[in-house]
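Participant: Below is the sequence, then the predicted model.
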Amino acid sequence: MTDIFIKYLRERGEESRKGTGKPFFAVLSVQPPHDPYVAPPEWMARHTPGQVILRPNVPNVPWVVEQARRELAGYYSMIENLDWNLGRIRQALEEEGLSWNTYIVFFSDHGDLHGSHGQFRKTAPWEEAISIPFIIGGGRPFYYMKRGRHPIPLNHVDIAPTTLGLCGIDKPAWMQGQDYSGYVTRGRAVPEEPDSAYLQLCVPTWHGDSVDRVWRGIVTHDGWKYIVLEGQPWLMFNLNEDPYEQVNLAHNTRFRHERKRLQDRLEEWVHATGDEFALPPLE
């Protein structure tokens, strides 16, 4: 797939040199890293289960540790293979003279738990599953760009307005989401940062090692996460103090006022999106 993509870039470069080039938007969607966790042999040889260092929130249960190590070895091999192919794309952009005015937006649809909290795969609200990369690179040289990390609680509806903004195009009036391209470019304003992001599992996948109940939740800009099942609080973490989500505060009366604050904000999200999810009753 990367070879096909690079061929497309070569054609755009040839058009540019002939003076017939036009702006283009290209998408490369790949499956890896994803189960089954098997990369090409030359990449699999770079990682072995015994060398894998697990996250601190992987419980020391033999079958969990064994599965996590085995699958992560392949996962890391896939990531390195993907990075190598991304490097080939960047090199092709340079060689074709397209790197100056081409942005690269790198993101994923979900993460993977890999044994954290004794869980695997996706559909769960812990950070390992819901946090994704969202990296904007390429484009003009660094001295024209704003660089750095911005801890914005990004929703998926923000991706389209942001990519339009990178091209200097305002989002249509009907389009939801915010344009955050101003964090990268110097030509567009940065909107007021949201106070939270809305999380949903609307339909369980029923895949093995997946959550089999619907849930809703939020992650807040000030570092809290709150997740509920239908009619029942489930998880609540202070991510500032507990980044590995090992202390669930959802049923601790000491934090009931914080829980009420988070549920009130979650209720606003439910109503604002036309959701019909049954929130739990709180006193």
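Facilitator: The structure has been received and is ready for your questions.

Participant: correct me, but Thr273 touches Arg216?
Facilitator: No: with contact defined as Cβ atoms under 8 Å, Thr273 does not count as touching Arg216 (9.8 Å). The way it works is simple: take the backbone N, C-alpha and C, and place the C-beta from them, glycine included.

Participant: Flag the shaky bits of the stretch 101-250 of the chain, pLDDT-wise.
Facilitator: 140-147 (pLDDT under 70).

Participant: mind listing the helices for it?
Facilitator: For the stretch 101-250 of the chain, helices defined by DSSP state H, counting those that start in this stretch occupy the ranges 127-130, 159-166.

Participant: So which residues of the chain form strands?
Facilitator: 103-107, 134-138, 196-201, 215-220, 224-229, 232-238 (DSSP state E).

Participant: can you put those strands in JSON lines and add distance to Pro56 and mean neighbour count?
Facilitator: Formatted as JSON lines, these follow (distance: least, Cβ to Cβ, whole Å; neighbours: other Cβ atoms under 10 Å):
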{"stretch": "strand 103-107", "distance to Pro56": "26", "mean neighbour count": "15"}
{"stretch": "strand 134-138", "distance to Pro56": "25", "mean neighbour count": "17"}
{"stretch": "strand 196-201", "distance to Pro56": "23", "mean neighbour count": "19"}
{"stretch": "strand 215-220", "distance to Pro56": "20", "mean neighbour count": "22"}
{"stretch": "strand 224-229", "distance to Pro56": "17", "mean neighbour count": "24"}
{"stretch": "strand 232-238", "distance to Pro56": "14", "mean neighbour count": "19"}
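
Participant: And the ones you listed: which comes nearest Gly177?
Facilitator: strand 196-201 (11.4 Å; Cβ to Cβ).

Participant: Let me know the angle separating that closest one from strand 215-220.
Facilitator: Strand 196-201 runs at 160 degrees relative to strand 215-220, counting by axes from the mean of the first three to the mean of the last three Cα atoms, to 10 degrees.

Participant: other SSEs contacting strand 196-201?
Facilitator: Judged by 3 or more Cβ pairs under 8 Å, 6 or more residues apart in numbering; DSSP states H and E, strand 196-201 is in contact with strand 215-220, helix 256-272.

Participant: which secondary structure elements does the longest one contact?
Facilitator: In this case it means helix 256-272. Against helix 256-272 (3+ Cβ pairs under 8 Å, 6+ apart) you get strand 196-201, strand 215-220, strand 224-229, strand 232-238.

Participant: As JSON lines, those with distance to Leu164 would be great.
Facilitator: As requested, the helices and strands packed on helix 256-272 are arranged in JSON lines below (distance: least, Cβ to Cβ, whole Å):
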{"stretch": "strand 196-201", "distance to Leu164": "20"}
{"stretch": "strand 215-220", "distance to Leu164": "25"}
{"stretch": "strand 224-229", "distance to Leu164": "29"}
{"stretch": "strand 232-238", "distance to Leu164": "34"}
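
Participant: one step back: let me know which of the helices and strands packed on strand 196-201 is tucked in deepest.
Facilitator: strand 215-220 (a mean of 22; mean count of other Cβ atoms under 10 Å).

Participant: So which bits of the biggest helix by length in the chain are buried?
Facilitator: For the chain, the helix that runs over the most residues, judged by DSSP state H, is helix 62-95. If you call a residue buried by 16 or more other Cβ atoms under 10 Å, then helix 62-95 has these buried ones: 64-65, 67-69, 71-79, 81-82, 85-86, 89, 92-93.

Participant: Please tell me how far stretch 34-46 is from the chain's geometric centre.
Facilitator: 22 Å (Cα atoms, centre = their mean, to the nearest Å).

Participant: in that stretch, what counts as buried?
Facilitator: Residues of stretch 34-46 classed as buried: 35, 37, 39, 43-44 (neighbour count, 16+ other Cβ under 10 Å).
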